[in-house]
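Enquirer: next come a sequence and a model predicted from it.
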Amino acid sequence: MIKIVELSKSFGENHVLQGVDLEIKEGESMVVIGGSGSGKSVLIKHIIGILRPDTGRIYVAGEDIAQVSEHELNQVRKKFGMLFQAAALFDSLSVWENVGFGLKQHTRLSNKEIREKAREKLAMVGLYDVEDLRPSELSGGMQKRVGLARAIAMEPQILLYDEPTTGLDPINADMINNLIIDMREKLNVTSVAITHDMVSAYKIADRIAMLYRGKILQIGAPSEIQATENPYVRQFIAGSAVGPITEDLEKELMERSAK
Amino acid sequence: MENKGQGTGYVSDFLELLGGWILNGIEEIGKVIMLFFNALVWTFQPPFFFKNTIKQMLEVGVHSIPVVLITATFTGMVLALQTHTGFQRFNAESLVGTVVALSMTRELGPVLTGLIVAGRAGSAMAAELGTMRVTEQIDALYTLATNPIKYLVVPRLIAGLVMLPIMTVLSDIVGIYGGLFVSVTILDANQTVYLRRTWDYLEYNDIYSGLLKAAVFGLIISLIGCYKGFYTQGGAEGVGKATTGSVVISSMLILISDYFMTAILF
């Protein structure tokens, strides 16, 4: 469904992605794990074409989206739904207008029909009677649910999740995890999530890929990742302050202060 | 020797800094122009966001009207007072109306309206788009297959372009009547003479040139406001910087372009 080949991206001197290869099969749930600054947000933004690669290819359903025009990219994006880290709801619009935004732009449905659809999608994520509220009137967990309802409103084939559980309490985080699993079962979507929450990763992933310093270190089923031999991956999944990742970081800080 | 070495060090540091500024400046100008042409292309491609455009027209125009009217009235009034003081010295008081009318339509109407709208609506554009950028709402638009330049920037550019001339007409009128009011009530001028002097010497060219300037200023305000907001980086602090920057840059551009338009075109 999605195939990323040799993807590189730099922002000035900062080489964020340095040749990422990743393949995500149809119907699969892929979770990309990695620390802050590992490039995982940049990676997910490439998959949906918000960022353009310096070099490399990104195939979505066989089409190389690194090569297409902005106009064609808009068509490709209709295959996607994305849940943002802080939900990124439009604060000038009400909840139902947020959920129905894509429908309003890309279909000829009347406002009444859009509202009805929005209600339906909100029910799917477990929200009722919030249509006329403003996003700012909702709690963080509810905002994420509305964001998810907005992402699924156009019935996408691929769902992207940017740190879906970050900033939520453990109970709300687990409810979001359940919803992600739910979406996959009910809607039969391919999903890609980026996270540093290992509880969430084990729960929702078919396969996990670890991104470190712009490269994929290891890809495997959750059980394989848990039994990893790679010291970097082991440190990350254990959430330990001692290990090669910390050593690399300290070395880099030393070099920087030496300059 | 050591001193000399240090000296060239300072010079090269300075040149490096200067070069950096110039490069940054050129890069920014390029980005503004790209944004403008991007918006221009999207302007003529359906779907059209009429509702957004109307909303922005209200924001730029209607909501700025009270402050624009007050400013223009008092400018017209003070202009009458000052010109009267000067013209009295060579018995030309009867020309006060002409000077007020020419100054308002050619210069002060468009410029003051531009500066006020830059402070009021241009800053709001930068703040709103900047917040949308740092909270990823602009990225969210992309994911919903909606081009943010089309959805956010185009309506604002149209609103600036259309509303500034309209507001300039209003400020011309109230400015002239502000001058009339002061002349008649305080300076003992004759109302009929004042108005006749105003209309006799005022040419259509004066009004058109002012309105053309206003349209350019409207475009500058919206373009800079959108540019600053659209490319905001770095959270709340970034939004603050974008907002301030939009007001400073568009105010300067208004005054600079005003000079060149006057010198070249009229």
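Expert: The structure has been received and is ready for your questions. Residues are numbered from 1 along each chain as shown, chains lettered A, B, ... in the order given.
Enquirer: quick check, stretch B:23-37 touching chain A?
Expert: No: figure legend: stretch B:23-37 not in contact with chain A (C-beta under 8 Å from any C-beta of the partner chain); closest approach 12.0 Å. For every residue, glycine as well, the C-beta is placed using N, CA and C.
Enquirer: residues touching that stretch, excluding its own?
Expert: If you take C-beta atoms under 8 Å, 6 or more residues apart in numbering or on different chains as the criterion, stretch B:23-37 is touched by B:149, B:153, B:223-224, B:226-227, B:230-231.
Enquirer: narrow these to those in helices?
Expert: Here DSSP state H is the test, and the contacts of stretch B:23-37 give B:223-224, B:226-227, B:230 as lying in helices.
Enquirer: which of those come close to chain A?
Expert: Of these, not one also sits near chain A (C-beta under 8 Å from any C-beta).
Enquirer: columns pLDDT and neighbour count on top of the residues you listed, output as CSV?
Expert: Shown next, in CSV, are the ones in helices among the contacts of stretch B:23-37 (pLDDT from 0 to 100; neighbours: other C-beta atoms under 10 Å in any protein chain shown):
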residue, pLDDT, neighbour count
B:Leu223, 96, 25
B:Ile224, 96, 27
B:Cys226, 96, 29
B:Tyr227, 96, 26
B:Phe230, 95, 21
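Enquirer: low-confidence regions, chain B specifically.
Expert: The model of chain B has pLDDT under 70 over residues B:1-8, B:266.
Enquirer: downstream of the top helix by length along it, the next helix or strand is which one?
Expert: Longest helix in chain B, counting residues (DSSP H): helix B:2-43. Scanning forward in sequence from helix B:2-43 by DSSP states H and E, the next helix or strand is helix B:50-60.
Enquirer: is that following helix in proximity to chain A?
Expert: No: using C-beta under 8 Å from any C-beta, helix B:50-60 never reaches chain A; the gap is at least 9.0 Å.
Enquirer: check the offset of that helix from the chain's centre.
Expert: Here helix B:50-60 is found 18 Å from its chain centre; the criterion is C-alpha atoms, centre = their mean, to the nearest Å.
Enquirer: for that helix, list every residue counted as buried.
Expert: Neighbour counts over helix B:50-60 (16 or more other C-beta atoms under 10 Å in any protein chain shown) mark B:52-53, B:56-57, B:59-60 as buried.
Enquirer: A:Leu93: which of those is nearest?
Expert: In terms of C-beta to C-beta, no member of the buried residues of helix B:50-60 lies closer to A:Leu93 than B:Asn52, at 11.3 Å.
Enquirer: any idea how far that closest one is from A:Gly19?
Expert: Counting by C-beta to C-beta, to the nearest Å, the gap from B:Asn52 to A:Gly19 is 41 Å.
Enquirer: repeat that for B:Lys150.
Expert: Taking C-beta to C-beta, one finds B:Lys150 at 34 Å from A:Gly19.
Enquirer: those two: which has the busier surroundings?
Expert: Neighbours were counted for B:Lys150 and for A:Gly19 using other C-beta atoms under 10 Å in any protein chain shown; B:Lys150 has more, 22 against 14.
Enquirer: without its sequence neighbours, what residue ends up closest to that one?
Expert: Distances taken as C-beta to C-beta, 6 or more residues apart in numbering or on different chains place B:Trp42 nearest to B:Lys150, at 4.0 Å, with adjacent residues excluded.
Enquirer: dump the residue contacts of the one you found.
Expert: B:Trp42 makes contact with B:147, B:149-150, B:153-154, according to C-beta under 8 Å, 6+ apart.
Enquirer: let's see that with 6 Å instead.
Expert: Contacts of B:Trp42 were listed using C-beta atoms under 6 Å, 6 or more residues apart in numbering or on different chains, and they are B:149-150, B:154.
Enquirer: follow-up on the earlier one: nearest to chain A, of the ones in helices among the contacts of stretch B:23-37?
Expert: Comparing the ones in helices among the contacts of stretch B:23-37 against chain A with C-beta to the nearest C-beta places B:Phe230 closest, at 13.5 Å.
Enquirer: can you tell me the SS state at A:Val192?
Expert: strand (DSSP: H, G, I helix; E, B strand; the rest coil).
Enquirer: can you give me the neighbour number for it?
Expert: A count of nearby residues for A:Val192, using other C-beta under 10 Å, gives 25.
Enquirer: quick one: residues contacting the residue most central in space within chain A.
Expert: Centre of chain A computed as the mean C-alpha position; nearest residue by C-alpha atoms, centre = their mean is A:Tyr161, 2.6 Å away. Listed by C-beta under 6 Å, 6+ apart, the contact partners of A:Tyr161 are A:83, A:193.
Enquirer: which stretch of helix or strand covers the residue nearest to A:Ile204 when sequence neighbours are not counted?
Expert: Closest residue to A:Ile204 apart from its sequence neighbours, by C-beta to C-beta, 6+ apart: A:Ile180 at 4.9 Å. For A:Ile180, the element it lies in under DSSP H and E is helix A:170-187.
Enquirer: give the buried residues for that helix.
Expert: Across helix A:170-187, burial judged by 16+ other C-beta under 10 Å covers A:172-173, A:175-177, A:179-180, A:183-184.
Enquirer: and if you look at stretch B:203-214?
Expert: For stretch B:203-214, the neighbour count (16+ other C-beta under 10 Å) marks B:206-207, B:209-214 as buried.
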